[in-house]
Each structure stands twice: as C-alpha cells, then as structure tokens.
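**Q** okay, structure incoming, though there's no sequence with it:
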C-alpha cells in the first residue's frame, strides 16, 4: 500500500475558513437582470436568468415603489458580496498553491451551475469519484493513486430533502440548458427516460442516481423534487442518510454535499462485490478508493469508521457480508486494522 501524504496543518485551517465562508451562497448577479414591460399602460417587472445559451423569464409583479426598493436591495447585495468573493477566491488560490486538488474547468462549470440553482440545498449529494476527490481536500491529504474518471454522479432521494429552495428544480433542464453541449444519453431500454448526460465530444458524463427500493429493478426512478429520472442503486440510501458539506476548489469555492467518508468506504467495499464480472476494473477502483479512505480515517478519524459500521448494521446481514468480502480484498494490514477497530467498539 502506497503511503498517503498529509498536507501541512496550515492548509487545513485555511480550508476550514473557506468552508465557513461558503456556507452562505453569494451571487454577483452576472447571470441575472431585471427588465420592465409595459402592458396596457401598466409597467411590470421581470427577472431574467441566463443559464448558458438559455434565458428564462420570471414574473415579479407590477412595478411599485416597494418592488423597486426590493430590486435595489438585491443589487446592493451583489455589490456587497464583492469582498466575500475576493476573500474566497484568494483562499481557493492559496489552497491549490499549497497542494490541494483543484476542480477541472468543465466539472467546475457544471457543479457551479448545480450549486447556484439550489440542487445541493435541496439535499442532493455528489458520490463516486467526485466525492473521493473531495475527501482529499477535506482530510488534507494527497491520494497516492489516480482519483479515476471525471464522471459526476449526483445522488438524490425523494425522502431525504433537507431544505427545498423557493422554486422547483428541473435538474434535467438545467443540465441541457447549460450551454456546455450536453445531450441525453439514451437508456438501454429506449422506452425508458434517460438518467445520464454527456458533453458532446468530451469525456465528462453526469449520472443521476437514486436508492433502489424493494425488488431488484433497473427501471429509472422519478425524482419529483428534482424534475428528473435517476438510475436505481442498491444501498444508496445508506450514503444519503448522513451527508456533510465540503468545498470544491473552483473560482470562489463551490459548496456541495458528500456522504461521510466512513460510509463512503464501507459502501465502496459493498458495491465492489456486486459489480458484474465484466466490470472488474470498476470493482478494483471501488476497493482502492475504500482502502485509501480507510487508511486516512484509521490514522486521523477512527470514530468515523465505527459510526459508519454501526449504521451499516441497519442495512441487514447481506450488506455486512458483502462489506466483509470486499474488505478481504483490500490491503491486509488496513483490513485487519478496520476489523480490530470494529471489534474494540463492540466490546
């Protein structure tokens, strides 16, 4: 097992400062504008939101002194955010300069779009490789092996929304209207809706996932709070029951949700055992990511593992058996240390 490199503690302090500053979303109004329309002699105000190549119109009401004052207050907030944006941008630059992992341009544009439109405030989380990459900065380490693909896996459930934004989210439309060249990837069953989006002539893919409930099924699940369909994944609810905010290093920082790292590592062991024979490479990647996360948590945050394992018991014996089988296939010393920690907690 390759040794994991820890970053200086000063970077952890700066990362925590960035995280605190990103709790409240800030807007510079760059994609927003207010316009007036005169209809039958009366003036009405509209808000225009530009998303990539698409501009959406939102009716605000008849032009009154009260409404104009509210618009002026909103514009003033855009100006007052300038200092916050500058501080956050500076912190992002310092963290990247210190060795933390930045976000690529295409990924940054997509995830920033999702953040600005309330997708993560509504309880969605990034899972898979994107979460694994986010853990490196959160845990202040450099992963010794490749973080994997650029795929963006968005996980959500109809039952775990945290705080719905004021307007309904249409996740599919957000992605398709982003101006980045996304198209829907057709489902294997042409009669079913798409749950994946790809940028034309690029490798980046966005997959939407939801917990599989009941019997085994590949039928897409409709996420009513997100206006899209999602591919079902068994035990995804285990990840979404305990999510936490992290910051991705792009522009002035992007606040997202990820599963807690202990649950992520356990889940990776489990799904590595459920991959079909033709997906051996993905199963190996699952175990390598679990191995690296466990390695850091054993040193720095062992309680994360015990809490995650205690919650795993609620998933049933089959889940625990798959976890144990996956654990058998990672580094023997790390697997032994994880088992010892769990046994100690049970005493």
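**A** Received it, and whenever you're ready, just let me know what you need. If you're wondering where the values come from, they're calculated on a predicted model, not measured in any experiment. Numbering: from 1, shown residues only.
**Q** flag the shaky bits of this protein, pLDDT-wise.
**A** Along the chain, segments meeting pLDDT under 70 span 1-2, 24-32, 48-58, 73-83, 146-149, 159-168, 347.
**Q** so what's the spatially most central residue of it up against?
**A** Closest residue to the average C-alpha location of the chain: residue 126 at 2.4 Å, with Cα atoms, centre = their mean. Listed by Cβ atoms under 8 Å, 6 or more residues apart in numbering, the contact partners of residue 126 are 111, 134, 152, 153, 154, 155, 256, 257, 258. The C-beta positions use only the backbone N, C-alpha and C, and glycine is treated the same way.
**Q** now, those residues that are in strands?
**A** 152, 153, 154, 155, 256, 257, 258 (DSSP state E).
**Q** was I right to think residue 290 contacts residue 263?
**A** No - under the criterion of Cβ atoms under 8 Å, residue 290 makes no contact with residue 263, lying 10.9 Å away.
**Q** find the helix or strand that residue 337 is a member of.
**A** Using DSSP states H and E, residue 337 sits within helix 332-346.
**Q** that helix packs against which elements?
**A** helix 280-300, helix 302-312, helix 317-327 (3 or more Cβ pairs under 8 Å, 6 or more residues apart in numbering; DSSP states H and E).
**Q** how much space between residue 213 and residue 191?
**A** Residue 213 sits 21 Å away from residue 191, going by Cβ to Cβ, to the nearest Å.
**Q** looking at the two, which one has more neighbours?
**A** A direct count of neighbours by other Cβ atoms under 10 Å for residue 213 and residue 191 places residue 213 higher, at 14 against 5.
**Q** pull the contacting residues for the more buried one.
**A** Contacts of residue 213 by Cβ under 8 Å, 6+ apart are 232, 237.
**Q** and residue 330, by the same measure?
**A** Contacts of residue 330 by Cβ under 8 Å, 6+ apart are 269, 287, 288, 290, 291, 294.
**Q** distance of it relative to residue 177?
**A** 42 Å.
**Q** need the contacts of residue 126 in JSON lines (columns: neighbour count and distance to residue 201).
**A** Output for those, formatted as JSON lines (neighbours: other Cβ atoms under 10 Å; distance: Cβ to Cβ, whole Å):
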{"residue": "111", "neighbour count": "22", "distance to residue 201": "20"}
{"residue": "134", "neighbour count": "24", "distance to residue 201": "27"}
{"residue": "152", "neighbour count": "22", "distance to residue 201": "17"}
{"residue": "153", "neighbour count": "21", "distance to residue 201": "21"}
{"residue": "154", "neighbour count": "29", "distance to residue 201": "22"}
{"residue": "155", "neighbour count": "28", "distance to residue 201": "27"}
{"residue": "256", "neighbour count": "24", "distance to residue 201": "26"}
{"residue": "257", "neighbour count": "23", "distance to residue 201": "30"}
{"residue": "258", "neighbour count": "26", "distance to residue 201": "29"}
